[in-house]
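**Student:** Sequence first, predicted coordinates after that:
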Amino acid sequence: MADVSAARTKAVFEFKSATLPLIAVILKTADLDVLAEALDAQLADSPDFFEQEPVVIDLSLLQEQAAQADAPAPEIDFGALRSLLARHQTQPIAVRGGSPEQHAAAREAGLSVAAMPSA
């Protein structure tokens, strides 16, 4: 059995800041069928283009469109969106921009909400 007191005196992990290259997918529609069709068409010739790159889903344009139309932010099925993006060899990890309701839905789907500037 490991000596617990030794673990207390030795650091067994560290937190360090890291800068990671991230791709942002800037959504211009909340219609996942339209998005799937566009992704399939654009990435058909290079299905492994992203090679499991981490992706941030940018909701800022959808938020702007809703504000201009004086409408609520569109509902997004983030579980389906994650699956769609993963099918194209990306790893969705977070959302940025968007409404509090979208943030709650994103968290329920296992995504983080990033406090980073939107596009």
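**Tutor:** The structure has been received and is ready for your questions.

**Student:** low pLDDT regions in this protein?
**Tutor:** 1-9, 116-119 (pLDDT under 70).

**Student:** In it, what residue spans correspond to strands?
**Tutor:** 23-26, 53-58, 90-96, 112-113 (DSSP state E).

**Student:** gap between the residue nearest the centre of the chain and Leu111?
**Tutor:** Residue closest to the mean C-alpha point of the chain, counted by CA atoms, centre = their mean, is Ala94 at 3.2 Å. The spacing between Ala94 and Leu111, counted by CB to CB, to the nearest Å, is 6 Å. Heads up, the C-betas are built off the backbone N, CA and C, glycines and all.

**Student:** intersection of neighbour lists for these two?
**Tutor:** Residues touching both Ala94 and Leu111 by CB atoms under 8 Å, 6 or more residues apart in numbering: Ile57.

**Student:** coming back round to it: ok now do the residue nearest to the centre of the chain, which residues does it touch?
**Tutor:** So Ala94 contacts Val56, Ile57, Ala106, Leu111, Ser112, Val113, Ala114 (CB under 8 Å, 6+ apart).

**Student:** got the CA positions of stretch 15-29 in PDB?
**Tutor:** Coordinates of each C-alpha in stretch 15-29 appear next as PDB, following Å, rounded to 0.1, in the frame of the first residue of the first chain:
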ATOM      1  CA  PHE A  15      -1.500  22.500 -13.100                       C
ATOM      2  CA  LYS A  16       0.200  24.500 -15.800                       C
ATOM      3  CA  SER A  17      -1.300  26.800 -18.400                       C
ATOM      4  CA  ALA A  18      -1.200  25.500 -21.900                       C
ATOM      5  CA  THR A  19      -1.800  27.100 -25.200                       C
ATOM      6  CA  LEU A  20      -3.500  24.800 -27.600                       C
ATOM      7  CA  PRO A  21      -4.200  25.400 -31.300                       C
ATOM      8  CA  LEU A  22      -8.000  25.200 -31.700                       C
ATOM      9  CA  ILE A  23     -10.200  25.300 -34.700                       C
ATOM     10  CA  ALA A  24     -13.400  27.300 -34.400                       C
ATOM     11  CA  VAL A  25     -16.500  26.100 -36.300                       C
ATOM     12  CA  ILE A  26     -18.500  29.300 -36.800                       C
ATOM     13  CA  LEU A  27     -22.100  28.300 -37.100                       C
ATOM     14  CA  LYS A  28     -24.200  30.300 -39.600                       C
ATOM     15  CA  THR A  29     -27.200  28.000 -39.200                       C
END
